Structures are given as C-alpha cells and as structure tokens.
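Participant: Got a predicted structure plus its sequence, pasted below:
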Amino acid sequence: MSNKMVSGMTLILLSIGLSMLASNIVHSAAPGDLNDDGKVDIRDVAVAAVAFGSHPGHLRWNPIADVNKDNTVNIVDIVLIAKNFK
C-alpha cells in the first residue's frame, strides 16, 4: 500500500471522526483514550487511523487501536473512539 493511499485513508478516517463529533455524539471519559492522556481527542483518532485495516501480524497493527478487541482495527473501533470524543 502506498504512502499516498495510507495518507488518504487517514484523512478520510479523521473526517469521519470529526463528522461524528459534529453530530453531537454522547461524550464520556473512557474507552477511546488510546494515548492515555486523560481525554479522547483527534490524537486518539489519528492512532486508530494509522492502524486502520490492520490485524495481528500486520505491519501497522497496534493492539491499543483495537478498542473492541476483535483483532481488527476497523470502523467499529473508530466509532467507539468518536463516541467519547471531546
């Protein structure tokens, strides 16, 4: 996968996260704080975006980004992060 494609996917995922925030999704402190800084924000979405589409053994796999622990970083994980986005 080319760097351009990964960058494009990252921008799409960031856009999805921001759109969900704009939709007034319920906020709560908890799941989704991937970088452990005490808040769920765009930095956490970015961590998941880099790992998006990965699974154990994949080059971009990051188990922290697998919020629902199903061994795949996908849109479900992004949604779970976005639900707690502040």
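Facilitator: That came in fine, so what should we check first? If you're wondering where the values come from, they're calculated on a predicted model, not measured in any experiment.
Participant: ok, which stretches of this protein are helices?
Facilitator: 3-22, 42-51, 75-83 (DSSP state H).
Participant: Just give me the residue right at the centre of this structure.
Facilitator: Nearest residue to the geometric centre of the chain (C-alpha atoms, centre = their mean): residue 48, 3.1 Å.
Participant: so what's that residue up against?
Facilitator: Applying C-beta atoms under 8 Å, 6 or more residues apart in numbering to residue 48 gives the contacts 13, 34, 65, 67, 73, 77-78, 81. The C-beta positions use only the backbone N, C-alpha and C, and glycine is treated the same way.
Participant: among the helices of the chain, where is the model least confident on average?
Facilitator: Ranked by mean pLDDT, the helices of the chain bottom out at helix 3-22, with a mean of 64.
Participant: Quick one: residues in contact with stretch 53-64.
Facilitator: Contacts to stretch 53-64, defined as C-beta under 8 Å, 6+ apart, come from residues 9, 34, 47, 50-52, 65, 71-74.
Participant: Same list, those residues, but as TSV with distance to residue 85 and neighbour count please.
Facilitator: Shown next, in TSV, are those (distance: C-beta to C-beta, whole Å; neighbours: other C-beta atoms under 10 Å):
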residue	distance to residue 85	neighbour count
9	19	15
34	12	22
47	13	19
50	17	16
51	17	23
52	16	21
65	15	23
71	24	12
72	21	17
73	17	27
74	17	18
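Participant: Looking at those, which two lie furthest apart in space?
Facilitator: 9 and 71 (19.3 Å; C-beta to C-beta).
Participant: neighbours around residue 60, how many?
Facilitator: 15 (other C-beta atoms under 10 Å).
Participant: likewise the one 4 residues further on?
Facilitator: With neighbours defined by other C-beta under 10 Å, the count for residue 64 comes to 14.
Participant: Kindly report the same for the one 4 residues further on.
Facilitator: By other C-beta under 10 Å, the residues close to residue 68 number 13.
Participant: Tell me how far it lies from residue 9.
Facilitator: Separation of residue 68 from residue 9 (C-beta to C-beta, to the nearest Å): 19 Å.
Participant: ok, now residue 46?
Facilitator: 12 Å.
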